[in-house]
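**Student:** Predicted model and sequence follow; I will ask about them next.
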Amino acid sequence: MIGRIAKWFGVVLLAALAGFFIFAPGIAERDMNVVDGGPLLEISDEARALHASLTIVDLHSDTLLWKRDLTDAADRGHMDLPRLIEGNVGLQVFSSVSKVPAGQNFDSNSADARDSITLLSIGQLQPFSTWFSPYERSSWHASRLQYAANAAPDALRMVRTAEDIDAVMDARNSTGRPIGVMYSVEGLHNLEGDAANLQLLYDNGLRMAGITHFFDNDLAGSMHGEGKGGLTDFGREMLLEMERMGVIVDIAHCSHQCVAEVLAMARRPVVSSHGGVQATCDVNRNLTDEEIRGVAATGGVIGVGYFEGAVCDISPASIAAAMRHITDLVGVEHVALGSDYDGTVTVRFDTSDIVQVTQALMDGGFSEDEIRAIMGLNALRVIRAGIAPMEDAA
């Protein structure tokens, strides 16, 4: 009798564990990546026609973090291949999130806090190597993006060179295919202090990298860290190496001191891939006017996000208002899209409906040429130039 009870207890336990690993990741994502259902703009025929003719580039999405096939339609989150096609996206930058401190907030996070990605890695049954290593997690994310491109070669193409961009844009057709996909990372703590890991990530497709995320690391201080300092010697070394290799420097999440020091030493265009501006949304992660001018002076772009931390009120009009401020301050050529889709954020619309931004820009008085620039041509210019190794750059 005892043996029979133990057997059935084991069966129940295994069933419970199976249910957890099958359903828990999806439940978590539904709770963290939300479309709020708030009011949307009525899309005019003019806006719809213009949107269909645009080259659209989004500088930041965290979709690789979640356990779902990028090529399949999903009933959760903000982005997948069918929704990218419906939104007419031409190039999407996918970032690797490799460490998140428990209790994450905008004000102060310890680099030593319990890491939430550890539980997510285990819960998603990722390879054991990823359970406790930010570097291995980023390598895993890179392989997932390459796998998706290999699985749907007519729809997704990896972008590693300027020639890859040209090939994607030349091949795009009325079906919204192919879509260029480029690999980025959110915070170079994933180097784990080893400069050689930058080359390994580059070999796996890395072409853009945020220096910090939500905590200070051994390269620089984060706007959300405890010290909020500037670049370290290792950070300066890696910044120069990124520029040499053709990895675009992303200052999103950097402390104010880090931003100032990056801009002072930058030899190539710098991006802020996802965020906002303090003039329209006074949140510490957003850029001051001085920082906006600094990014513009490098020839870079600012990707405006669609979430509360970037624009406060997540309406399409608020997104356009942030873009208007940048345009009026430094020129429309420095404005871009940086959704932060699937980045544990609440937004008003998902990738399939980014025509909302096109309509908001039209409503905000932007010209057709300005809208084309904001929706993708500015970002495309910076990416095409920035991923060319310096010795090969014109």
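**Tutor:** Structure's in. What do you need? These numbers come from a predicted model, not from an experiment.
**Student:** Please count neighbours and contacts with C-alpha atoms only from this point.
**Tutor:** Fine.
**Student:** What ranges in this protein fall below the confidence cut-off?
**Tutor:** The model of the chain has pLDDT under 70 over residues 1-26, 392-394.
**Student:** 90 instead?
**Tutor:** Applying pLDDT under 90 to the chain flags residues 1-32, 173-175, 391-394.
**Student:** quick one: the strands in the stretch 1-150 of the chain?
**Tutor:** Taking DSSP state E, counting those that start in this stretch as the criterion, the stretch 1-150 of the chain contains strands spanning 34-35, 56-61, 89-96.
**Student:** what residue is smack in the middle of this structure?
**Tutor:** Taking Cα atoms, centre = their mean, the centroid of the chain lies closest to residue 60, which sits 2.3 Å from it.
**Student:** ok, the closest residue to residue 57 other than its chain neighbours to residue 266 distance?
**Tutor:** Distance criterion Cα to Cα, 6 or more residues apart in numbering; nearest residue to residue 57, sequence neighbours excluded, is residue 376 at 4.4 Å. The spacing between residue 376 and residue 266, counted by Cα to Cα, to the nearest Å, is 23 Å.
**Student:** which one of these two has more residues nearby?
**Tutor:** The neighbour comparison of residue 376 against residue 266 (other Cα atoms under 10 Å) goes to residue 376, with 22 against 16.
**Student:** My read is that that one contacts residue 56, right?
**Tutor:** Yes. The criterion here is Cα atoms under 8 Å, and residue 376 meets it with residue 56 at 4.3 Å.
**Student:** I'd say residue 78 and residue 33 touch.
**Tutor:** Yes. Taking contacts as Cα under 8 Å, residue 78 lies within contact range of residue 33: 6.9 Å.
**Student:** Please say which of the two ends up with more neighbours.
**Tutor:** Set residue 78 next to residue 33 and count neighbours by other Cα under 10 Å: residue 78 wins out with 27 against 20.
**Student:** Give me the neighbour count for residue 174.
**Tutor:** Residue 174 has 8 neighbouring residues, counting by other Cα under 10 Å.
**Student:** can you redo the strands of the stretch 1-150 of the chain as a markdown table with distance to residue 217?
**Tutor:** Shown next, in a markdown table, are the strands of the stretch 1-150 of the chain (distance: least, Cα to Cα, whole Å):
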| stretch | distance to residue 217 |
| --- | --- |
| strand 34-35 | 29 |
| strand 56-61 | 21 |
| strand 89-96 | 16 |
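**Student:** What distance do you get for residue 286 to residue 196?
**Tutor:** From residue 286 over to residue 196 (counting by Cα to Cα), the distance is 31 Å.
**Student:** Kindly report the same for residue 308.
**Tutor:** 37 Å.
**Student:** Settle it for me: which of these two has more neighbours?
**Tutor:** Taking neighbours as other Cα under 10 Å, residue 308 and residue 196 compare with residue 308 leading, 19 against 10.
**Student:** isn't residue 140 right up against residue 130?
**Tutor:** Yes. Contact status for residue 140 versus residue 130: in contact at 7.3 Å, counting by Cα under 8 Å.
**Student:** Skipping adjacent residues, who's closest to residue 302 in space?
**Tutor:** Nearest residue to residue 302 in three dimensions, chain neighbours excluded: residue 272, at 4.8 Å (Cα to Cα, 6+ apart).
**Student:** same question, residue 255
**Tutor:** Distances taken as Cα to Cα, 6+ apart place residue 223 nearest to residue 255, at 3.8 Å, with adjacent residues excluded.
**Student:** what's the answer for residue 374, then?
**Tutor:** Nearest one to residue 374, counting by Cα to Cα, 6+ apart, is residue 336 at 4.8 Å.
**Student:** Return the list of helices and strands in contact with whichever strand or helix holds the one you found.
**Tutor:** Taking DSSP states H and E as the criterion, residue 336 maps to strand 335-337. Under the contact criterion of 3 or more Cα pairs under 8 Å, 6 or more residues apart in numbering; DSSP states H and E, strand 335-337 touches strand 56-61, strand 301-304, helix 316-330, helix 378-386.
**Student:** how about a markdown table for those, with distance to residue 67 added?
**Tutor:** Formatted as a markdown table, those follow (distance: least, Cα to Cα, whole Å):
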| stretch | distance to residue 67 |
| --- | --- |
| strand 56-61 | 14 |
| strand 301-304 | 26 |
| helix 316-330 | 29 |
| helix 378-386 | 28 |
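**Student:** Residue 104: which of those is closest?
**Tutor:** Nearest of these to residue 104, taken as Cα to Cα: strand 56-61 at 18.4 Å.
**Student:** If I take that closest one and strand 89-96, what angle do their directions form?
**Tutor:** 10 degrees (axes from the mean of the first three to the mean of the last three Cα atoms, to 10 degrees).
**Student:** How about residues contacting strand 56-61?
**Tutor:** 88-95, 273-274, 303, 336-343, 375-377, 379-380 (Cα atoms under 8 Å, 6 or more residues apart in numbering).
**Student:** cutoff 7 Å now
**Tutor:** 88-95, 273-274, 303, 337-343, 375-376, 379-380 (Cα atoms under 7 Å, 6 or more residues apart in numbering).
**Student:** quick one, that strand and helix 378-386 angle?
**Tutor:** Going by the same axes, to 10 degrees, strand 56-61 is angled at 70 degrees with respect to helix 378-386.
**Student:** which residues does the spatially closest residue to residue 349 that is not a sequence neighbour contact?
**Tutor:** Nearest non-adjacent residue to residue 349, counting by Cα to Cα, 6+ apart: residue 35, 5.8 Å away. By Cα under 7 Å, 6+ apart, the residues touching residue 35 are 346-350.
**Student:** do the same with residue 139
**Tutor:** With contact taken as Cα under 7 Å, 6+ apart, residue 139 is in contact with residue 201.
**Student:** And the nearest residue to residue 115 once chain neighbours are set aside, how close does it get to residue 114?
**Tutor:** Using Cα to Cα, 6+ apart and skipping residues adjacent in sequence, the residue nearest residue 115 is residue 101, 4.8 Å away. Applying Cα to Cα, the value for residue 101 to residue 114 is 6 Å.
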